[in-house]
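# Need a 3D model of the following:
(one chain, ligands or ions: 1)
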Amino acid sequence: MSKHGPRARVPITIGGCFALAAALSTGWWAAATEPDPNQHANTSACCALGGRAAALIQTAAQSTPHSTAKPTAHPAAQSDNNALRPSAPTGMIWIPAAEFFIGSVDGDPLARPDESPAHRVRIDGFWIDQTEVTNAQFAEFVAATGYKTIAERPVDWEELRKQVPEGTPKPEEALLQPGSLVFVPPDRPVDLKDASQWWAWTIGANWRHPEGPGSSIEGKDDHPVVHVAFVDAAAYAAWAGKRLPTEAEWEFAARGGLDRKRNVWGDAPIDPTRCNTWQGRFPAVNTKQDGFARTAPVKSFPPNGYGLHDMAGNVWEWCADLYRPDAYARRLIELDTAAAEHGAPRVAVNPTGPTRSYDPRNPHSPESRVQRGGSFLCCDSYCASYRPSARMGAPPDTGMQHLGFRCVMTAEQWEAHQRQTKP
Ligand SMILES: [Ca+2]
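As a prediction, the model looks like this:
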């Protein structure tokens with residue numbers, strides 16, 4: 001056992017479905033009946049996990065050392081989007097109603113199949129948090145409500161077994177303890193198709209202990225909160241009088257007013273001054289040219305054109321939509337049908353995602369939710385998910401060390417808040 005508590009490697013395959021521990025595997029992943037559009041040389045990589053259930057039911061525990069980051073600061077700019085608004089919620093930026101192209105840019109070699117086909121989307125205006133939700137903000141929520149995150153709660157095997165193949169044996173009680181998934185870099189070259197080489201189910205890991213027992217968030221008030229599951233993020237948003245963004249809202253905000261550009265800053269390639277990602281040979285060597293090995297304090301890197309920070313990298317961010325790799329293709333079929341039948345414009349208006357999820361990486365999970373923005377683990381050689389069109393899904397009970405969120409607020413929610421707080 002390491003000083004950070006018991007750990008178990010998470011056996012997974014990338015670019016298809018995740019796999020359980022060899023001892024538990026029976027070839028069940030072949031049960032995924034739908035094709036996997038993510039079969040691609042550039043996989044979803046650093047982050048393509050089977051989720052909490054997959055992590056928990058594996059039994060071969062190992063221990064691995066890890067390192068810590070030393071933050072440095074970068075200058076930030078200000079957006080004037082709020083200048084014409086009579087009032088603004090603290091820390092939020094107004095994103096005006098707009099039409100834009102959602103999805104990857106033609107010819108981008110880093111794009112994955114689930115980012116296309118690009119198509120027109122119209123969205124209403126909304127407020128969005130300027131930064132990822134921080135540890136300090138999440139602590140305020142917990143202090144006010146007594147909320148316990150999924151990673152802090154006892155593990156319910158009856159719930160867990162619904163996400164794994166029928167007949168999967170129950171793991172030992174010793175593993176069925178509160179915990180989460182921690183990034184533990186290997187000390188040797190590994191097969192990049194096997195994310196279990198750098199993700200470990202870690203008992204005692206949660207938002208207060210990002211790397212497990214013995215680690216803490218002391219001095220990290222302004223870092224993004226991590227190890228929050230989708231349901232935790234949604235609970236915070238409801239408490240704050242906000243909600244999670246749809247992925248259309250998230251992507252439009254991330255683009256910062258730029259049209260069909262590969263990155264949130266334009267078409268220039270990534271460099272270490274842009275955002276918190278990975279430099280070096282993933283996952284063993286991080287040269288930390290950007291100053292950080294793990295999370296960075298929010299606002300450490302320049303904002304996009306709307307004044308929003310870390311829409312690329314730092315931590316992945318939960319969105320409200322159910323995930324499907326073919327969500328855009330299915331939407332276009334609907335739009336084409338409506339255009340053919342009633343001449344409707346080929347524009348999706350305030351899309352909220354599919355009504356049923358399908359996630360090839362989590363084929364047994366009844367639900368998978370979208371994440372956006374990539375994380376401190378992104379690098380072009382492996383996972384270029386810092387791009388605004390990049391998408392991923394995970395079961396709603398899954399928290400990870402590189403996964404957080406930010407909230408949005410409708411104009412109506414803001415007006416309601418102002419009415420409630422008027423003297
Ligand atoms: Ca982010």
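
# ranges for the strands of the stretch 101-250 of the chain?
119-123, 126-129, 179-183, 199-203 (DSSP state E, counting those that start in this stretch).

# got a markdown table for those, with mean pLDDT and mean neighbour count too?
C-betas here are computed from N, CA, C, even on glycine. Below are the strands of the stretch 101-250 of the chain laid out as a markdown table (pLDDT from 0 to 100; neighbours: other CB atoms under 10 Å):
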| stretch | mean pLDDT | mean neighbour count |
| --- | --- | --- |
| strand 119-123 | 97 | 19 |
| strand 126-129 | 98 | 26 |
| strand 179-183 | 96 | 28 |
| strand 199-203 | 94 | 27 |
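
# ok, now which ones touch the nearest residue to Leu176 once chain neighbours are set aside?
The spatially closest residue to Leu176, leaving aside those adjacent along the chain, is Val155, at 4.3 Å (CB to CB, 6 or more residues apart in numbering). With contact taken as CB atoms under 8 Å, 6 or more residues apart in numbering, Val155 is in contact with 56, 176-179.

# If you drop the residues flanking it in sequence, what lies closest to Arg331?
Closest residue in space to Arg331, ignoring its immediate chain neighbours: Ala348 at 5.7 Å, by CB to CB, 6+ apart.

# typo on my end, it should be Pro345
Ala339 (7.2 Å).

# May I ask which helix or strand encompasses Gln371?
strand 369-372 (DSSP states H and E).

# Identify all contacting residues around that strand.
For strand 369-372, contacts defined as CB under 8 Å, 6+ apart pick out 47, 230, 247, 250-251, 254, 316-323, 353, 357, 388, 390-396, 403.

# buried sites along that strand?
Within strand 369-372, the residues that count as buried by 16 or more other CB atoms under 10 Å are 369-372.

# That strand close to the ion?
No: Strand 369-372 stays clear of the ion (CB under 5 Å from the ion), getting no nearer than 7.8 Å.

# returning to what we had before: most neighbours among the contacts of Val155, which one?
Gly179 (29 neighbours; other CB atoms under 10 Å).

# before we move on, the earlier item: helices - which of the contacts of strand 369-372 land there?
The helices, defined by DSSP state H, take in 230, 247, 250-251, 254 from the contacts of strand 369-372.

# quick check, nearest of those to the ion?
Ala254 (8.8 Å; CB to the ion).

# contact partners of whichever helix in the chain runs longest?
Ranked by residue count under DSSP H, the longest helix found in the chain is helix 327-342. Helix 327-342 is contacted from outside by 102-103, 114-119, 321, 324, 344-348, 351, 353-354, using CB under 8 Å, 6+ apart.

# 6 Å - rerun?
Helix 327-342 is contacted from outside by 103, 117, 119, 344, 346, 348, 354, using CB atoms under 6 Å, 6 or more residues apart in numbering.

# who are the neighbours in contact with the second one?
Meaning Pro117. Per CB under 6 Å, 6+ apart, neighbours of Pro117: 328, 332.

# Low-confidence regions, this protein specifically.
1-6, 8-50, 54-79 (pLDDT under 70).

# Tell me the residues of it that contact the ion?
So far as CB under 5 Å from the ion goes, the chain lies against the ion at 310, 314, 373.

# Could you verify my assumption that the last one touches Trp318?
It stands for Gly373. No: using CB atoms under 6 Å, Gly373 is not in contact with Trp318, being 10.0 Å away.

# So which residues of the stretch 151-300 of the chain form helices?
Along the stretch 151-300 of the chain, counting by DSSP state H, counting those that start in this stretch, helices occupy 157-160, 230-239, 247-255.

# partners of the strand holding Gln371 in the sheet?
Strand partners for strand 369-372, identified by DSSP bridges, are recorded as strand 316-322 (antiparallel), strand 391-394 (antiparallel).

# Make CSV out of these and add mean neighbour count.
Shown next, in CSV, are the strands paired with strand 369-372 (neighbours: other CB atoms under 10 Å):
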stretch, mean neighbour count
strand 316-322, 26
strand 391-394, 29
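
# of these, which approaches Gly291 most closely?
Closest to Gly291 of the strands paired with strand 369-372 is strand 316-322 (CB to CB; 19.6 Å).

# Skipping adjacent residues, who's closest to whichever residue of the stretch 151-300 of the chain sits closest to the ion in space?
Nearest residue of the stretch 151-300 of the chain to the ion: Pro224, at 7.1 Å (CB to the ion). In space, and not counting its chain neighbours, Pro224 is closest to Glu132: 3.7 Å by CB to CB, 6+ apart.

# residues in contact with that neighbour?
Per CB under 6 Å, 6+ apart, neighbours of Glu132: 224, 298, 310, 315, 404, 406.

# From the residues you listed, pick the one nearest Trp239.
Once CB to CB is applied, the member of the contacts of Glu132 that ends up nearest Trp239 is Arg406, at 14.5 Å.

# Filter the contacts of helix 327-342 down to the ones in helices?
Going by DSSP H, the helices hold none of the contacts of helix 327-342.

# Mind giving me the PyMOL select for these, buried ones only?
To isolate the buried subset of these in PyMOL, counting by 16+ other CB under 10 Å, use the following:
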select buried, resi 103+119+348+354
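
# contacting residues around Glu367?
Going by CB under 6 Å, 6+ apart, the list of residues near Glu367 reads 357, 396.

# element containing it?
Using DSSP H and E, Glu367 falls outside every helix and strand.

# ok, Ala248 touching Thr352?
No: counting by CB under 6 Å, Ala248 stays clear of Thr352, with 8.2 Å between them.

# quick one: which of those two has more around it?
More neighbours surround Ala248 than the other of Ala248 and Thr352, with 21 against 13 (other CB under 10 Å).

# My read is that His402 contacts Ser375, right?
Yes: using CB under 6 Å, His402 is in contact with Ser375, at 3.7 Å.

# any shared contact partners between these two?
Counting by CB under 6 Å, 6+ apart, the residues touching both His402 and Ser375 are 315-316.

# higher neighbour count, the two?
Higher neighbour count among His402 and Ser375: Ser375, with 33 against 26, using other CB under 10 Å.
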